[in-house]
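Chemist: Dropping the sequence and predicted coords here.
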Amino acid sequence: MVKVFLVEDEFIVREGIKNMNWEAYGLSFCGEASDGELAFPLIKREHPDIVITDIRMPFMDGLELSRLIKKELPEIKIIILSGHEEFEYAKSAIQIGVEEYLLKPINSEELLQVVKRTADKVERERAESDNSKADAGEMAERLEHAKREFFGELMNGDSSMAELLEKGRELGIELVASCYQIMLLKVWRGQESDYSGRVVEIIERLLGYIAAKAEHIICFDRAPEGKILLFMEESSEKMREQIQSFTDYFVGMLSDYEGVEYFGSTGCEVSRIRELSHAYETAAHAFAYRFLVEGNMMLCYEQIERESVAGRQQGEACYVGEINFGSLDKTRIEAFLRGGDQEEIPIFVEEYISNSGEACKNSLIFRQYIVMDMYIAASHFLEQLGVGEEFSRKEPFDSPEQMEQVLQKLDSTIDYVVRLFREVMEIRDRCMRERNSDIVELAKQYINDHYSNEELSLNLVASEVNVSPNHLSAMFSQKTGHTFIRYLTDVRMNKAKELLKCTNMRSNEISEEVGYKDPHYFSHLFKKNQGCTPIQYREGGGNHETAE
């Protein structure tokens with residue numbers, strides 16, 4: 001409802017205007033004052049949509065008040081009442097930007113008509129603002145979807161350099177550079193953190209903003225595993241400077257959020273666009289070390305050595321040397337099985353086993369202990385997923401001969417655990433696909449049940465199905481082939497077509513029924529999607545084809 005505030009020094013006039021039948025016109029009278037000096041703090045507090053003010057008042061007149069309002073609250077519409085016909089007053093009012101300049105005396109019906117006309121303008125501007133935000137949200141989601149697909153094309157190596165450059169430019173991405181490097185970055189809430197998961201979402205969004213402002217960084221979403229940053233530069237020296245500068249900025253930003261943890265990795269530098277898959281693979285290799293080290297860390301692939309991780313300095317691209325676990329930790333195994341990728345399995349298993357010490361290399365019995373420990377951890381992980389019963393009934397080895405063969409050498413032990421973890425991750429991924437399908441179905445059901453709610457959004461539905469908006473957007477695109485907003489629009493348009501064909505409801509009533517407050521925006525969107533206006537659709541019997 002549009003709110004109206006009155007400033008008038010004549011008590012009788014003020015009472016008469018105050019007691020008019022505002023509600024009948026869909027208006028709310030929210031406050032009054034006898035002069036501009038008293039009015040201004042009340043206006044700042046109440047934030048009305050329309051201010052009606054006299055010109056001649058003590059302490060602060062209406063023109064001075066109007067200047068203050070337009071300076072600090074420019075969206076407020078001002079209607080001036082004046083008993084003076086002098087052109088200079090009207091000229092000043094026009095220069096300030098008032099909406100209407102009315103001469104007294106004016107009757108209540110005339111004033112209400114003018115205020116209602118101004119209120120209609122307020123509501124149109126609100127709707128245009130809301131629609132602009134909705135369009136921007138849809139464009140942003142479509143862009144993220146297109147960027148995810150484009151990154152997949154960069155990685156598969158099937159497209160030529162010319163094709164990749166052209167597709168990149170269509171998305172506003174300029175890929176021409178002398179060298180490229182990829183960074184994988186994940187932020188999460190530590191167990192001891194007082195922050196909510198919402199803080200992590202905000203930090204990830206900030207990463208996107210930082211990359212968008214940077215001239216040579218492109219950010220891709222990797223939900224739910226954080227972000228992919230593509231760095232592009234003219235030389236290796238500038239590349240090192242840029243990555244270190246970004247790292248310093250990022251670590252400094254997170255220093256204000258105690259309990260929010262992070263891990264980042266950079267891959268090999270490459271000089272060709274079609275070598276980006278190698279840059280990504282090496283970054284992913286280094287990224288697997290997030291399960292093998294403690295504390296926040298930024299890790300470079302080139303600095304990884306087979307036996308150990310050393311020289312770690314928090315917040316810096318660092319060298320890899322000795323890791324001293326102290327004792328084997330099954331929680332690291334379960335964390336890896338929960339959050340790792342299939343391609344990371346050999347890296348994790350080899351490093352975890354090798355870093356358990358010389359005993360693992362020299363003792364068959366100790367290798368047996370390691371294998372059993374990892375098998376039990378895998379079984380426990382699957383039990384947590386609710387699918388461990390069948391796995392737990394199996395023995396680790398089919399026979400004593402197989403056990404002896406597996407444990408005879410360190411390499412064969414590592415190969416066995418790699419195969420074991422691949423089986424576990426295949427079960428995990430199947431469960432996650434089913435769970436993701438269930439989440440998407442729940443999201444679709446929520447949309448189908450609440451499409452008439454004009455506040456329905458990706459964020460709202462994500463909170464209902466208990467995942468992050470980025471993750472829901474990625475799952476929705478993967479499972480349906482459409483963005484979230486496209487699906488919501490299709491549901492609303494289909495319901496609108498049904499109401500147009502099967503009821504006598506007016507177009508503005510249908511607009512509200514399917515979740516659009518502004519009937520003009522509804523008509524625009526309907527024509528954009530269906531190739532005709534709602535009235536044309538009704539008159540044509542619904543034979544129009546959907547517009548792409």
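Modeler: Nice, I can see it.

Chemist: What average pLDDT does the strand or helix carrying H145 get?
Modeler: Following DSSP states H and E, one finds H145 within helix 108-156. Mean pLDDT, helix 108-156: 80.

Chemist: Then stretch 297-314?
Modeler: Here the average pLDDT along stretch 297-314 is 61.

Chemist: again with stretch 217-227
Modeler: Stretch 217-227 comes out at a mean pLDDT of 82.

Chemist: Alpha carbons only: can I get it in CSV?
Modeler: C-alpha atoms of stretch 217-227 as CSV (Å, rounded to 0.1, in the frame of the first residue of the first chain):
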residue,chain,number,x,y,z
ILE,A,217,40.5,-13.5,-13.8
ILE,A,218,37.4,-15.5,-14.8
CYS,A,219,35.4,-17.2,-12.0
PHE,A,220,33.4,-20.4,-12.7
ASP,A,221,31.1,-22.1,-10.2
ARG,A,222,32.1,-25.6,-9.0
ALA,A,223,29.1,-26.2,-6.7
PRO,A,224,29.2,-27.7,-4.1
GLU,A,225,33.0,-27.8,-4.2
GLY,A,226,33.7,-24.0,-4.3
LYS,A,227,35.0,-22.0,-7.2
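
Chemist: did I read that right, L185 in a helix?
Modeler: No - going by DSSP: H, G, I helix; E, B strand; the rest coil, the assignment for L185 is strand, not a helix.

Chemist: which residues touch it?
Modeler: 207, 226-229, 250, 262-264 (C-beta atoms under 8 Å, 6 or more residues apart in numbering). The way it works is simple: take the backbone N, C-alpha and C, and place the C-beta from them, glycine included.

Chemist: Which of those residues fall in helices?
Modeler: The subset of the contacts of L185 located in helices under the criterion DSSP state H comprises 207, 250.

Chemist: Compare the contacts of L185 and tell me which is most surrounded.
Modeler: G264 (28 neighbours; other C-beta atoms under 10 Å).

Chemist: residue contacts, that residue?
Modeler: Contacts of G264 by C-beta under 8 Å, 6+ apart are 183-186, 247, 250, 297-299.

Chemist: and if you look at R290?
Modeler: 186, 263, 265, 297.

Chemist: try 7 Å
Modeler: F263 (C-beta atoms under 7 Å, 6 or more residues apart in numbering).

Chemist: Which positions in the host helix or strand of E237 come out as buried?
Modeler: Per DSSP H and E: E237 is located in helix 236-254. Buried residues in helix 236-254, counted by 16 or more other C-beta atoms under 10 Å: 238-239, 242-243, 246-247, 250-251, 254.

Chemist: where does the stretch 301-450 of the chain have low pLDDT?
Modeler: 305-328, 357-359, 388-395, 398 (pLDDT under 70).

Chemist: so what does the helix holding E237 touch, helix or strand wise?
Modeler: strand 179-189, strand 227-233, strand 260-266, strand 317-318 (3 or more C-beta pairs under 7 Å, 6 or more residues apart in numbering; DSSP states H and E).

Chemist: next one: that helix to chain centre, how far?
Modeler: The chain centre lies 24 Å from the centre of helix 236-254; the measure is C-alpha atoms, centre = their mean, to the nearest Å.

Chemist: That one vs strand 260-266, what angle?
Modeler: Per axes from the mean of the first three to the mean of the last three C-alpha atoms, to 10 degrees, the angle that helix 236-254 makes with strand 260-266 is 170 degrees.

Chemist: avg pLDDT for helix 236-254?
Modeler: The model assigns helix 236-254 a mean pLDDT of 89.

Chemist: With just CA atoms, put it into PDB.
Modeler: The C-alpha coordinates for helix 236-254 follow below in PDB (Å, rounded to 0.1, in the frame of the first residue of the first chain):
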ATOM      1  CA  SER A 236      54.900 -16.100 -16.200                       C
ATOM      2  CA  GLU A 237      56.300 -13.300 -14.000                       C
ATOM      3  CA  LYS A 238      53.100 -11.300 -14.100                       C
ATOM      4  CA  MET A 239      51.100 -14.500 -13.500                       C
ATOM      5  CA  ARG A 240      53.100 -15.200 -10.300                       C
ATOM      6  CA  GLU A 241      52.500 -11.700  -9.100                       C
ATOM      7  CA  GLN A 242      48.800 -11.800  -9.900                       C
ATOM      8  CA  ILE A 243      48.200 -15.100  -8.100                       C
ATOM      9  CA  GLN A 244      50.200 -14.000  -5.100                       C
ATOM     10  CA  SER A 245      48.300 -10.700  -5.000                       C
ATOM     11  CA  PHE A 246      45.000 -12.500  -5.200                       C
ATOM     12  CA  THR A 247      46.100 -15.000  -2.500                       C
ATOM     13  CA  ASP A 248      47.200 -12.200  -0.100                       C
ATOM     14  CA  TYR A 249      43.900 -10.300  -0.700                       C
ATOM     15  CA  PHE A 250      41.800 -13.500  -0.200                       C
ATOM     16  CA  VAL A 251      43.600 -14.600   3.000                       C
ATOM     17  CA  GLY A 252      43.400 -11.100   4.400                       C
ATOM     18  CA  MET A 253      39.700 -11.000   3.800                       C
ATOM     19  CA  LEU A 254      39.100 -14.300   5.600                       C
END
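
Chemist: ok so, going back, just the contacts of L185 now: which is nearest W22?
Modeler: The nearest member of these to W22, counting by C-beta to C-beta, is L207 at 48.2 Å.

Chemist: ok, V514 - how many residues close by?
Modeler: Neighbour number of V514 under other C-beta under 10 Å is 23.

Chemist: which residue ranges form the strands in the protein?
Modeler: Assigned by DSSP state E, the chain shows strands spanning 2-7, 27-33, 50-54, 77-82, 100-103, 179-189, 217-221, 227-233, 260-266, 297-300, 317-318.

Chemist: Any chance of a markdown table for those strands, columns distance to E401?
Modeler: What follows is the strands of the chain, written out as a markdown table (distance: least, C-beta to C-beta, whole Å):
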| stretch | distance to E401 |
| --- | --- |
| strand 2-7 | 84 |
| strand 27-33 | 85 |
| strand 50-54 | 89 |
| strand 77-82 | 88 |
| strand 100-103 | 96 |
| strand 179-189 | 42 |
| strand 217-221 | 48 |
| strand 227-233 | 46 |
| strand 260-266 | 41 |
| strand 297-300 | 41 |
| strand 317-318 | 45 |
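
Chemist: The helix holding E237 to strand 179-189, inter-axis angle?
Modeler: Using the same axes, to 10 degrees: helix 236-254 against strand 179-189 is 10 degrees.

Chemist: For P469, give its distance to A462.
Modeler: In this view, P469 and A462 are 4 Å apart by C-beta to C-beta, to the nearest Å.

Chemist: ok, now E234?
Modeler: For E234, the distance to A462 (C-beta to C-beta) stands at 40 Å.

Chemist: quick one, which of these two is more surrounded?
Modeler: Between E234 and A462, A462 has the larger neighbour count (other C-beta under 10 Å), namely 22 against 11.

Chemist: for the more buried one, what are its contacts?
Modeler: Taking C-beta under 7 Å, 6+ apart, one finds 468-469, 472 in contact with A462.

Chemist: do P48 as well
Modeler: Here P48 is in contact with 3-5, 30, 76 (criterion: C-beta under 7 Å, 6+ apart).

Chemist: Most neighbours among those residues, which one?
Modeler: V4 (26 neighbours).

Chemist: Can you give me the neighbour number for the closest residue to that residue other than its chain neighbours?
Modeler: Distances taken as C-beta to C-beta, 6 or more residues apart in numbering place I50 nearest to V4, at 4.8 Å, with adjacent residues excluded. Using other C-beta under 10 Å, I50 is surrounded by 23 other residues.
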